[in-house]
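> Structure, please.
(4 chains)
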2 protein chains.
Amino acid sequence: MKQELRAYLESTLKEVAIDCTIFGFHAHELKILLLRWKGTNAWSLPGGRIFPEESVQSAAYRILQERTGLKEVFLQQFHTFGDADRYKNFSASETLKILEKTLEEDLSDLDLTARVVSIGYFALVEFEQVVPVPDFYTEECRWWEISELPLLLFDHNEMIGMALKALRRQLNYQPIGYNLLPEKFTMPELQKLYESILGRQLDRRNFQKMILSYDILEKLPEKRRGTANRSPFLYRFDKQKYERALSEGIFFPFQGEKF
Amino acid sequence: MKQELRAYLESTLKEVAIDCTIFGFHAHELKILLLRWKGTNAWSLPGGRIFPEESVQSAAYRILQERTGLKEVFLQQFHTFGDADRYKNFSASETLKILEKTLEEDLSDLDLTARVVSIGYFALVEFEQVVPVPDFYTEECRWWEISELPLLLFDHNEMIGMALKALRRQLNYQPIGYNLLPEKFTMPELQKLYESILGRQLDRRNFQKMILSYDILEKLPEKRRGTANRSPFLYRFDKQKYERALSEGIFFPFQGEKF
DNA sequence: TTCAATTGTGTATAGTTTACACAATAATAG
DNA sequence: CTATTATTGTGTAAACTATACACAATTGAA
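Residues are numbered from 1 along each chain as shown, chains lettered A, B, ... in the order given. Coordinates of the predicted model:
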């Protein structure tokens, strides 16, 4: 098992790695998938290394798939983190101690605190379909609310901040939701997704008018039952139109958000 | 001399490097600084490597300074290029041949065709103040018009395409011009800068109205003389207000441009 | 002095964004 | 069964923003 890790570390690029900020949406809240390192209370973003024959993009997909079980996800590079010292909340020696607890083995020959530049990706995934799987270093993989994140290893809090910024900016020229919501959803649910990404309330009527004007939704002849009060209609994305909007770009007018 | 290069290559990160797309503006055209490799007709973007103690950002500044002589520039990371094979216009072996011509020495121990992930930055610089300086590999450093670029080494044509896209997007939420124009400039000059970045014509009156509304310009009581026809007024950026607009963001309405 | 090219300037129209309220519906509690 | 409560569905008017557009003034050159 340790041999497996060693082989992985030795067979992959040493100075570059990938970290993924995986966004999910559940119970009206935007959440992020974090990993807890074995035998510790230290949390980090899911990440991984790149094989020599693999593009960075493919590596990011692979890592994402390994942690969530999902194949089809929205994945996007947003920034590369290249500080010489990326130990922000915990010093290099504190981090090393955590690693020692985690690995219970002498891996000093692998130089695990060597400098690594990390390429940051963010992903949008369907919460319900995710089966969180820890990696070799970790024993727990679970969703965290964005407002309740712990202090993370390395510069991962910074990464999440920038991922959120990138996601918000994304909202200005691309539709979002296909990979974050279940197949069928209601207008209020979609609105709450946008609100939780933007961190502010939107007007119900104006939101509906705007989102419908992009012509990416199909209104279904069913309603969501079981909820108290009036039943909202169900919608789903028209995949083709959605893809077209993604590639051509759309001008979303969330101007109130300053970047 | 060769020893110097060898020392540089051996003392810097091996799997990660930086490439810079340096934009300048001259004669009503947006231009890019390219390097020609010694003894060849092969061109590339200026790039360089990262020292172990240096952040990626600092390395990018250093490289930029080395090639242009400039200290104060606008520099921004826009994408990291991580294809397993980044030899696009010229194959690895063709590129290797060029390198051999350039170096006239056996450097095979340095494994110069090993895989490298490149972090792409774009820079905006004041054309007139740049003193282009070739690096060790190259013997010529000059400006190229964007519409007349040659086939470049590696994936550099792709990089330039993405840099331009990033620059255009930038225009939507930040003012641009401080680092691209001389201290004093006319409204038509500023407009031509915007037009050359966006690749389309803008209305003179509407452009002026818009740019003035951002309250980042100071109108000077002088005019540019010597030009045929009516003399335009000179303006300059109010540095403080410009910086505020940069950090707070501005909503530039170039909606016609689809991304 | 005339000509040609370019600058400076304002307004009206179209289009977009925003603010806002009431009737309909569905589950729940009585 | 009925009343209550919370939430949904829906349209219009006002404010704001973007766009289209033309003529007089200025300058150097002919």
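> and stretch A:137-156, how far out from the chain's middle?
Here the centre of stretch A:137-156 is set off from its chain's centre by 12 Å, with C-alpha atoms, centre = their mean, to the nearest Å.
> How far does it stretch from one end to the other?
16 Å (C-alpha to C-alpha, to the nearest Å).
> Apart from its neighbours in sequence, what residue is nearest A:Y87?
A:T95 (5.6 Å; C-beta to C-beta, 6 or more residues apart in numbering or on different chains). C-beta coordinates here come from the backbone N, C-alpha and C atoms, glycine included.
> now do A:W43
A:L34 (4.7 Å).
> tell me the mean pLDDT over the helix or strand hosting A:Q240?
For A:Q240, the host element (DSSP states H and E) is helix A:239-248. Averaging pLDDT along helix A:239-248 yields 93.
> by contact count, what packs against it?
Applying 3 or more C-beta pairs under 8 Å, 6 or more residues apart in numbering or on different chains; DSSP states H and E, one finds that helix A:239-248 contacts no other helix or strand.
> For DNA strand D, what is the nearest residue in the stretch 1-150 of chain A?
At 10.4 Å from DNA strand D, A:H28 is the closest residue in the stretch 1-150 of chain A, using C-beta to the nearest atom of the strand.
> same thing with the stretch 51-200 of chain A?
Going by C-beta to the nearest atom of the strand, DNA strand D is nearest to A:P188 of the stretch 51-200 of chain A, at 3.2 Å.
> and the helix or strand harbouring that residue with DNA strand C, contact?
Per DSSP H and E: A:P188 is located in helix A:187-198. No - figure legend: helix A:187-198 not in contact with DNA strand C (C-beta under 7 Å from any atom of the strand); closest approach 11.9 Å.
> Test my guess that A:L35 contacts A:W43.
Yes - in this structure, A:L35 is within contact of A:W43 by C-beta atoms under 8 Å, at 6.6 Å.
> pLDDT below threshold where in chain A?
A:1, A:107, A:251-259 (pLDDT under 70).
> returning to what we had before: now for the closest residue to the residue of the stretch 1-150 of chain A closest to DNA strand D other than its chain neighbours, how many residues are close by?
Spatial nearest neighbour of A:H28, chain neighbours left out: A:K192 (4.9 Å); criterion: C-beta to C-beta, 6+ apart. Using other C-beta atoms under 10 Å in any protein chain shown, A:K192 is surrounded by 20 other residues.
> can you check A:I160 too?
Other residues lying near A:I160 total 22 when counted by other C-beta under 10 Å.
> Let me see the contact set for it.
A:T21, A:I32, A:L45, A:I146, A:L149, A:L152 (C-beta atoms under 8 Å, 6 or more residues apart in numbering or on different chains).
> Quick check: neighbours of the strand ranked longest in chain A in the sheet, parallel or antiparallel?
For chain A, the longest strand by residue count, based on DSSP state E, is strand A:16-26. Each strand paired with strand A:16-26, and its direction, by DSSP bridges: strand A:29-37 (antiparallel), strand A:47-49 (antiparallel), strand A:117-124 (parallel).
> any idea which of these is most buried?
Stretch with highest mean neighbour count among the strands paired with strand A:16-26: strand A:117-124 (a mean of 25; mean count of other C-beta atoms under 10 Å in any protein chain shown).
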